[in-house]
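K.L.:
give me a model of this one.
(4 chains)
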There are 2 protein chains.
Amino acid sequence: MESTFAIIAEPNRRAILGLLASSERSVGEIEQELRMPQTSVSKHLRVLREAGFVEARPDAQRRVYRIRPEPFMEVDEWLAPFRRFWSSHVDALERHLDRMAKAPKNRRTR
Amino acid sequence: MESTFAIIAEPNRRAILGLLASSERSVGEIEQELRMPQTSVSKHLRVLREAGFVEARPDAQRRVYRIRPEPFMEVDEWLAPFRRFWSSHVDALERHLDRMAKAPKNRRTR
DNA sequence: CGGTCATATGAACCTAGGAGTATATACCTG
DNA sequence: CAGGTATATACTCCTAGGTTCATATGACCG
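P.N.:
Sure thing, here's the model as predicted:
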C-alpha cells in the first residue's frame, strides 16, 4: 500500500514537504514550524524517506532533510493524460461557458 | 479527509480515472473493463463525483461518467513548488546556493 | 402493468495506518 | 565520564474507509 499517492494523501506529510520545498530543514526545525510532536515528525519523515520523497544528511546529532525529485516526477507523469482536459486555452473558454451554464441549471449531488 | 489527494490515493479510483482519461464510460463498462464489483465501482464513482473528479450524464438507465479538470489542476498546482527540483539544471545551482545559505558556519561530512 | 436491466445505497465487517506514550540510540559539551 | 540534546523506534489504541452482501430506486420493454 506504499504508493506514491498514499504517501502524499497525509496532510502532515504534505506540510512537511511544503516546508522542505523552500529549503532543507532538520527534524527539530520542522517540529517547531509545524508545531507537531517530534515523534510524529520522525515517523512521517521515515515514510517520506522510504518512499524517496526526501533524503537525510547527518549534521552532528541532527538530521537535515531535503527533497528528492523522483516521486514528484511520478505524480507529474500520472497527471499527463489528464492535462488535455484543461491545458489549452480552449478550455479556459470551456470553463467559462461551463460556469455560465451552471447559473440557471443546478448540478452535482451532495 | 476529503482532500483531493486522499481521493487519488485509492488504486481502484486511479484505475477508473485512467479509463475515463481516454473516453467517457458507463458504470457497467467500467465494471467490465476493470473486473470489479458494480457496487464498488458505484461507490468509488460517488467519491470521485463529490470531489469533482468526474461528472455523470444520464443516458436512459445508464450513467455515463467523464473527467472534470479542476481537481487535477489542483494537484498540478501543488506540484509547482517542487518542479524546480527536476525541471532544469539551473535549479541545481539554485539548490546548491540554498544549501550554502543554510550553512554559514562550519560543516562536517562523514 | 410485471419483469429485468442498470445503478445506487445501507449495514456489518475488517484492516491499515496515524497518534500518543515510553523508551532507545547517538552525539555533543563540560 | 555525566548530562543534555536530537532523533528514531516499539507498542497500544482508535478510527477512517474499502469490501461484501443485501436491497432499494428507477428506467426500459414486452
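K.L.:
quick one: what helix or strand has the residue sitting nearest the centre point of chain A in it?
P.N.:
Nearest to the geometric centre of chain A sits residue A:14, at 4.6 Å (CA atoms, centre = their mean). In this assignment (DSSP states H and E), residue A:14 forms part of helix A:11-22.
K.L.:
which strands or helices does that helix pack on?
P.N.:
Applying 3 or more CB pairs under 8 Å, 6 or more residues apart in numbering or on different chains; DSSP states H and E, one finds that helix A:11-22 contacts helix A:27-34, helix A:38-50, strand A:54-59, strand A:62-67, helix B:70-83. The C-beta positions use only the backbone N, C-alpha and C, and glycine is treated the same way.
K.L.:
name the SS class of the residue nearest to residue A:70 when sequence neighbours are not counted, please.
P.N.:
Counting by CB to CB, 6 or more residues apart in numbering or on different chains, residue A:52 is the residue found nearest to residue A:70 once chain neighbours are left out, at 5.2 Å. Three-state call for residue A:52 (DSSP: H, G, I helix; E, B strand; the rest coil): coil.
K.L.:
contacts only, for residue A:52.
P.N.:
Residue A:52 sits next to A:68, A:70-71 when contact means CB atoms under 8 Å, 6 or more residues apart in numbering or on different chains.
K.L.:
poorly predicted segments of chain A, please.
P.N.:
A:1-2, A:88-110 (pLDDT under 70).
K.L.:
up against DNA strand D, what does it have?
P.N.:
A:26-28, A:31, A:38-39, A:41-43, A:45-46, A:56, A:61-63 (CB under 7 Å from any atom of the strand).
K.L.:
ok, and of those, which contact DNA strand C?
P.N.:
By CB under 7 Å from any atom of the strand, the members of these lying near DNA strand C are A:39, A:43, A:61.
K.L.:
quick check, nearest of these to residue B:87?
P.N.:
Set against residue B:87, the nearest of these by CB to CB is residue A:43 (30.2 Å).
K.L.:
chain B versus that closest one, what's the distance?
P.N.:
According to CB to the nearest CB, to the nearest Å, residue A:43 stands 18 Å off from chain B.
K.L.:
what do you get for residue A:53?
P.N.:
9 Å.
K.L.:
equivalent analysis for residue A:71, please.
P.N.:
9 Å.
K.L.:
so that residue touches residue A:7, yeah?
P.N.:
Yes: here residue A:71 lies in contact with residue A:7, judged by CB atoms under 8 Å, at a distance of 7.3 Å.
K.L.:
just give me the neighbour total for the closest residue to residue A:53 other than its chain neighbours.
P.N.:
What sits nearest to residue A:53 in space, not counting adjacent residues and going by CB to CB, 6+ apart, is residue A:71, at 5.1 Å. Using other CB atoms under 10 Å in any protein chain shown, residue A:71 has 21 other residues around it.
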